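**Student:** here is the input, now give the coordinates:
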Amino acid sequence: MKYKQVQPVTKLQPYIRYFGLLESDGSCNQTKTFKIIADANPGLIFQETTNSFTDINNEKLPQLYLHGLTRSNSQKTVTGEYCNLVVCFQPNAIKSIFGIDADELTDSYVHLNDIVKNDLASQLLVEKRLNKRITIISDFISRLIVKNKHCENLQASYAVTNLNINNDDGLHRIQSELNITERSLQRMFKANIGVPPKLYFSICRFQAALDSVRSKKFTSFTEIAHQHSYADQAHFIRDFKMFTGTTPKLFSQQANEQVLNFPEWLS
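**Tutor:** Below you'll find the predicted structure:
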C-alpha cells in the first residue's frame with residue numbers, strides 16, 4: 001500500500017484536516033481487510049476504481065461518498081487494485097460545509113449526490129493529477145461554504161480545539177468558558193459534531209492513549225491508563241476494545257498502520 005498526505009490551503013484548514021491518497025502497491029488480487037478506528041473525524045471518499053471497497057456488511061461502497069463520525073469500530077475489505085482520495089474533515093465541519101446536522105451521518109455514509117447535487121466524481125475521473133484533484137475538491141468545498149447559510153459554529157470550534165482530554169473536568173471547563181448550560185452543550189455537540197460531549201471526550205482521550213501505544217515507549221498499559229486519566233487499566237482496555245475492536249496487545253501485533261486509524265489488519 002502507498003499513502004501520501006497533503007495539507008489543505010490555509011483558508012480551508014478550519015474545515016479540512018488533510019487530504020490523503022491511498023493506493024494499492026502494484027497489481028494484486030488478494031483480499032485485504034482494513035480496520036476503521038473511532039477518531040472523531042468525518043470524511044469524503046472518492047474511489048477511482050468504482051466500488052472497490054466493501055463495508056462490514058459486504059455492501060459495495062459508492063464511488064463518492066460522505067461519512068460521519070464513527071462511535072465504535074468497523075472495517076472495510078478490498079480485492080485487487082485501488083486508488084482512493086480521502087478528505088479528512090475537522091470534527092465540526094459537516095454542518096458548516098453541507099448544512100446538515102452532523103448526527104444524521106454518525107456511524108453511516110451516504111452518496112454525496114444525496115446531500116448535494118454535483119458532478120464531482122466525473123471531474124475527478126477526468127483529471128488524474130493529485131494536485132489538480134485536490135484543487136477541484138477544494139473549490140467545490142469552498143463554494144459550499146459560501147453558499148451554506150449554516151456558517152461555522154464558533155462555540156463548537158472552540159470546544160473541539162480547547163477540550164482538555166487529560167482532565168476529567170475538561171467538559172465542565174468548556175461549558176463554563178462558553179457560558180452555556182449542559183443542555184445547550186449537548187445540543188451543540190449533537191448538531192455540529194454528531195455525538196454527545198462525553199462520548200466525544202472519550203474518543204479524543206482514547207486517541208491520545210492510542211498514540212502512546214503506537215510509540216511503544218511505555219512500561220505497562222497501567223502506565224498509559226494513568227497518563228490519560230483512566231480510572232484503571234481495565235477502564236482503558238474496555239475503551240480500547242470498543243473503539244478498535246481489539247486489545248492493545250493484538251493491535252500492536254496485527255495492525256499495519258500506514259494510515260492512522262485505518263490499519264491493514266494482518267492475520
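**Student:** give me the distance between the closest residue to Phe19 other than its chain neighbours and Asn84.
**Tutor:** Of all residues not flanking Phe19 in the chain, Val6 sits nearest, at 4.5 Å (Cβ to Cβ, 6 or more residues apart in numbering). Backbone N, C-alpha and C define where each C-beta goes, glycine included. Here Val6 is placed at a distance of 14 Å from Asn84 (Cβ to Cβ, to the nearest Å).
**Student:** where do the helices sit along the stretch 51-200 of the chain?
**Tutor:** 93-98, 112-115, 120-126, 130-147, 154-162, 170-178, 182-192, 197-215 (DSSP state H, counting those that start in this stretch).
**Student:** any idea how far apart the tips of stretch 68-87 sit?
**Tutor:** 12 Å (Cα to Cα, to the nearest Å).
**Student:** what residues are shared contacts of Val6 and Asn84?
**Tutor:** Both Val6 and Asn84 are contacted by Leu21, under the criterion Cβ atoms under 8 Å, 6 or more residues apart in numbering.
**Student:** more neighbours, those two?
**Tutor:** Legend: neighbour count by other Cβ atoms under 10 Å for Val6 and Asn84, higher for Asn84 (22 against 13).
**Student:** OK, contacts around the residue nearest to Phe19?
**Tutor:** Taking Cβ under 8 Å, 6+ apart, one finds 18-21, 130-131, 134 in contact with Val6.
**Student:** show the buried residues in these.
**Tutor:** Using 16 or more other Cβ atoms under 10 Å as the burial test, the contacts of Val6 include 19-21, 134 as buried.
**Student:** now those residues in a markdown table, with pLDDT, secondary structure and distance to Gln186?
**Tutor:** Formatted as a markdown table, the buried ones among the contacts of Val6 follow (pLDDT from 0 to 100; DSSP: H, G, I helix; E, B strand; the rest coil; distance: Cβ to Cβ, whole Å):
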| residue | pLDDT | secondary structure | distance to Gln186 |
| --- | --- | --- | --- |
| Phe19 | 97 | strand | 32 |
| Gly20 | 96 | strand | 32 |
| Leu21 | 96 | strand | 37 |
| Ile134 | 98 | helix | 36 |
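**Student:** pick out the most distant pair among those.
**Tutor:** Across the buried ones among the contacts of Val6, the longest distance by Cβ to Cβ is 10.4 Å; it joins Gly20 and Ile134.
**Student:** now do the same contact list for Arg214.
**Tutor:** Neighbouring residues of Arg214 by Cβ under 8 Å, 6+ apart: Glu257.
**Student:** make that Lys32, sorry
**Tutor:** 77-79, 264.
**Student:** now do 7 Å
**Tutor:** Contact analysis of Lys32 by Cβ atoms under 7 Å, 6 or more residues apart in numbering lists 77-78, 264.
**Student:** pull the contacting residues for Val110.
**Tutor:** 65-66.
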